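Chemist: after the sequence you'll find the predicted model.
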Amino acid sequence: MRIDRAEVIVTSPDRNFVTLKLSTDDGLTGLGDATLNGRELAVVAYLTDHVVPLLLGIDAHRIEDTWQFLYRSAYWRRGPITMAAIAAVDMALWDLKGKAAGLPVYQLLGGASRMGLLAYGHASGRDTDELFDSVRSHLEQGYRAIRIQTAVPGLKSIYGIASNSTYEGNAGVRYDHEPAQRGGLPNEEDWDTRSYLRHVPTVFEAVRNEFGPELPLLHDGHHRMTPIQAAQLGKSLEPYDLFWLEDVTPSENPEALRLVRQHTTTPLAIGEVFNTVWDYQQIIREQLVDYVRSAVTHTGGITHLRKVLDYASQYQIKSGMHGPTDVSPVGMAAAMHLGLAIHNFGIQEYMKHGSKTDSVFRQSFTWRQGMLHPGDEPGLGVELDTDGAGRYPYVQAYLPYNRLADGTVHDW
Ligand SMILES: [Mg+2]
């Protein structure tokens, strides 16, 4: 089973996706997700110019060896672009191996450790009524765990609040998460940590009063706090029994989490912008978080993320894989196969892709009673309609960014 063709396919059905498609001399094809939200074309160039020429002729069964070759032979290691490119190759090789064996990838990883994957969705609102409507709508869709984000009085627009796009190609489309808005410049949003810290506990109190104590609730701080502010937030949310509090401090400094841990028993999650097991080394060893947020796409593929999660399992730290809509259906399928197989699965983030995306990527996963299952098609269970993909060319899109009231740029 040798690779005889490697194509990088960029498509933008509801948003931009980068997919690597590998073909073998015995007629199989495998897919890998290389989408890096807002910086997609950098990974396209990395794959096209530097990786595709290395893949032709290799034995597609040699997954670990290919991973080590791509990682070590580059000399310049780690980073989101490199690791997304390696992830795409890795996923495509697992897809091929599954198809060659006639087995879904989770069977190759050791088989199912559970019946399905508990998933959480994103409820948000500009005020309490809108938030409650959003929570109810998620419950009606079957979600059994829900992330809560709201607007903060006095701030115009902040991360995580659903809004409708005004871009002509997508006018009226509701963005619930990380709206890499199509257009030539990033949107500017505003931020004030003190207002946020005052407001968030009142929101969780209202949600608990309305929906009761059982429903698992999550919240994302999106890297915007200092360690002591994060500690204050964790402590103030303890009465509302969060499933997790995510990304409270900037990801570059693991030591910040020590101080947060000293002050609060609210469970912590981090890692959606991490790329390798080395980013997690101190955090896992010192048990500074409870959940690992990496997506398969952004952490070197199934092969590497499995190593991160096996390491985490020694410390009772569980998975909480990143699953916004910028993780393509291929990347989501990889997450579902890995999550089904590992012992220390925690929860899977799951936002439904748009109908255009679902028409380009044919998927075989199921969503029942708040649980995902990758299905039993051989490989990852996703096929790309290349003609359909061709109908949606790449569109420039940037993530928003924040400024404080005095004009200082702040973490978004
Ligand atoms: Mg997040």
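Modeler: On my side now, so go ahead.
Chemist: contacts only, for the residue of the chain found nearest the ion.
Modeler: For the chain, the residue closest to the ion is residue 220, as judged by CB to the ion, at 4.4 Å. (Glycine included, C-beta is placed from N, CA and C.) Residues near residue 220 by CB atoms under 8 Å, 6 or more residues apart in numbering: 147, 149, 159-160, 246-247.
Chemist: let's see it at 6 Å
Modeler: The contact partners of residue 220, taken as CB atoms under 6 Å, 6 or more residues apart in numbering, are 246-247.
Chemist: can you count the residues close to the closest residue to residue 199 other than its chain neighbours?
Modeler: Leaving aside its chain neighbours, residue 199 sits nearest to residue 152 (4.9 Å; criterion: CB to CB, 6 or more residues apart in numbering). When neighbours are defined as other CB atoms under 10 Å, residue 152 has 20 of them.
Chemist: need the three-state assignment for residue 152.
Modeler: coil (DSSP: H, G, I helix; E, B strand; the rest coil).
Chemist: residue 82: how many residues sit nearby?
Modeler: Residue 82, neighbours per other CB under 10 Å, totals 21.
Chemist: look at it and tell me its secondary structure.
Modeler: Per three-state DSSP, residue 82 ends up helix.
Chemist: my guess is the residue nearest to residue 199 contacts residue 198. True?
Modeler: No. The pair residue 152 and residue 198 fails to qualify as a contact (CB atoms under 6 Å) at a distance of 8.5 Å.
Chemist: show me the helices in the stretch 301-412 of the chain, by range?
Modeler: Along the stretch 301-412 of the chain, counting by DSSP state H, counting those that start in this stretch, helices occupy 301-313, 329-341, 355-360, 386-390.
Chemist: bridged to the closest residue to residue 410 other than its chain neighbours, which residues?
Modeler: Distances taken as CB to CB, 6+ apart put residue 402 closest to residue 410, at 4.2 Å, once the chain neighbours are dropped. Taking DSSP bridges as the rule, residue 402 bridges to residue 189, residue 410.
Chemist: which residues touch residue 402?
Modeler: Neighbouring residues of residue 402 by CB under 6 Å, 6+ apart: 189, 191, 410, 412.
Chemist: 10 Å instead?
Modeler: Shown in contact with residue 402 (CB atoms under 10 Å, 6 or more residues apart in numbering): 155, 157-159, 188-192, 222, 224, 408-412.
Chemist: same check, this time on residue 224
Modeler: By CB under 10 Å, 6+ apart, the contact set of residue 224 is 158-159, 191, 193, 196, 230, 247-250, 402, 410-412.
Chemist: tell me the pLDDT at the spatially most central residue of the chain?
Modeler: Ranked by distance to the mean C-alpha position of the chain (CA atoms, centre = their mean), the top residue is residue 322 at 2.5 Å. pLDDT recorded at residue 322 is 98.
Chemist: ok, residue 181 next?
Modeler: The model reports residue 181 with a pLDDT of 78.
Chemist: what's the burial count for it?
Modeler: If we define neighbours as other CB under 10 Å, then residue 181 has 21 of them.
Chemist: try residue 194
Modeler: Using other CB under 10 Å, residue 194 is surrounded by 9 other residues.
Chemist: pretty sure it is in contact with residue 229, am I right?
Modeler: Yes. Assessed by CB atoms under 10 Å, residue 194 is found in contact with residue 229 at 8.6 Å.
Chemist: same list, the helices of the stretch 301-412 of the chain, but as TSV with distance to residue 110, mean pLDDT and mean neighbour count please.
Modeler: Compiled in TSV, the helices of the stretch 301-412 of the chain are given as follows (distance: least, CB to CB, whole Å; pLDDT from 0 to 100; neighbours: other CB atoms under 10 Å):
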stretch	distance to residue 110	mean pLDDT	mean neighbour count
helix 301-313	10	98	22
helix 329-341	5	98	29
helix 355-360	29	96	17
helix 386-390	32	97	14
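Chemist: nearest to residue 99, out of those helices?
Modeler: Among those, helix 329-341 comes nearest to residue 99, with 13.0 Å by CB to CB.
Chemist: so what's the gap between that closest one and the chain middle?
Modeler: 11 Å (CA atoms, centre = their mean, to the nearest Å).
Chemist: what inclination does that helix have with respect to helix 301-313?
Modeler: Helix 329-341 and helix 301-313 are oriented at 40 degrees to each other (axes from the mean of the first three to the mean of the last three CA atoms, to 10 degrees).
Chemist: report the residue spans of the protein with pLDDT below the cut-off.
Modeler: 162-179 (pLDDT under 70).
Chemist: contact residues of it facing the ion?
Modeler: 220, 272 (CB under 5 Å from the ion).
Chemist: and with 8 Å instead?
Modeler: Applying CB under 8 Å from the ion, we find that the chain lies next to the ion at 220, 222, 246-247, 272, 293, 322, 324, 349.
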